[in-house]
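Enquirer: Quick one: sequence plus predicted model below, questions after.
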Amino acid sequence: MVRRMDAEPLSIAIPGADPVSGLWLAPPEPSACLVLAHGAGAGMTHRHMAATAEGLAARGVATLRYQFPYMEKGGKRVDPPPVAHSAVRAAAAEGLRRAAATPLFAGGRSFGGRMTSQAQALAPLPGVRGLIFFAFPLHPAGKPSTDRAAHLAAIQVPMLFLQGTKDTLAELVLLQGVVAGLERATLELAPDADHSFHVPARAGRKDADVLATLLDAAVAWMTAQ
């Protein structure tokens, strides 16, 4: 497996704002490239983000992780959508430049995936063939709703939802209904997993096994596109 230290640090310029940090991790001759945004509470170097990037590299997929401006500055309050969307666009542009002829995808963990989908819905990200959501946050915990999914209907590229069946930020029945109503969406479920893809001991699997299964599904889906 590619080690985390093999990731190349870089700076991503954002028009009208300070640049943000990024990490490029690419195996030899990658089959695809994924521009990967972090969740609301932890940045691109969090162990879950690193494990995702390293797992994809081991499967022949390059990744470009990046920080949102608030995380770059050490803040705790997420950026307003327009600021986050600008970061998504800048990172996707850098991913397209580095990917060259390699098929490009975009997405992210939780908040990062939702900001990516919003940006794509407003105006397609150049070169991006599909979106991958690692635990899409359909609603706040304890407040079931599909309001956050309204923009997804405007997206014209395929979407892959990787979701735990015990995710309190995405009630399963609601999420299944959302995905069923989208023309080009696929739902891959991790039984017993929560929003962090953690599973209880009684599940008979380790968290690493859950992530490995989801990454296998993500790579197969990207290959199919």
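Expert: That came through fine.

Enquirer: all contacts plus neighbour counts: C-alpha atoms, from now on.
Expert: Noted.

Enquirer: List the residue ranges of this protein that fall below the pLDDT cut-off.
Expert: Within the chain, the ranges that satisfy pLDDT under 70 run 1-5.

Enquirer: Would you map the strands across it?
Expert: Assigned by DSSP state E, the chain shows strands spanning 8-14, 17-25, 32-37, 61-66, 104-109, 128-134, 159-164, 185-190.

Enquirer: Tell me how far the fourth one lies from the chain's centre.
Expert: With CA atoms, centre = their mean, to the nearest Å as the basis, the distance from the averaged C-alpha position of strand 61-66 to the chain average is 10 Å.

Enquirer: And the first one, by the same measure?
Expert: On the basis of CA atoms, centre = their mean, the separation between the geometric centre of strand 8-14 and that of its chain is 18 Å.

Enquirer: got the CA positions of that strand in CSV?
Expert: Taking C-alpha atoms only, strand 8-14 is exported to CSV below (Å, rounded to 0.1, in the frame of the first residue of the first chain):
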residue,chain,number,x,y,z
GLU,A,8,2.9,15.4,-2.6
PRO,A,9,2.0,18.7,-0.7
LEU,A,10,0.7,21.4,-3.0
SER,A,11,-1.0,24.8,-2.9
ILE,A,12,-4.3,25.4,-4.7
ALA,A,13,-5.1,29.0,-5.8
ILE,A,14,-8.7,30.2,-5.3
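
Enquirer: That strand pairs with which strands, parallel or anti?
Expert: Strand 8-14 sits in its sheet next to strand 17-25 (antiparallel), going by DSSP bridges.

Enquirer: who's in contact with Ala185?
Expert: Residues in contact with Ala185 (CA atoms under 8 Å, 6 or more residues apart in numbering) are Pro158, Met159, Leu160, Phe161, Val179.

Enquirer: repeat for His38
Expert: Met44, Met49, Arg65, Tyr66, Gln67, Phe68, Gly108, Arg109, Ser110, Phe111, Gly112, Gly113.

Enquirer: same thing but 7 Å
Expert: By CA atoms under 7 Å, 6 or more residues apart in numbering, the residues touching His38 are Met44, Met49, Gly108, Arg109, Gly112.

Enquirer: Ok, Tyr66 next?
Expert: By CA under 7 Å, 6+ apart, the neighbours of Tyr66 are Ser21, Gly22, Leu23, Leu36, Ala37, Met44, Ala91.

Enquirer: what do you get if the cut-off is 10 Å, keeping everything else the same?
Expert: By CA atoms under 10 Å, 6 or more residues apart in numbering, the contact list for Tyr66 reads 9-12, 20-24, 35-38, 43-45, 72, 87-88, 90-92, 112.
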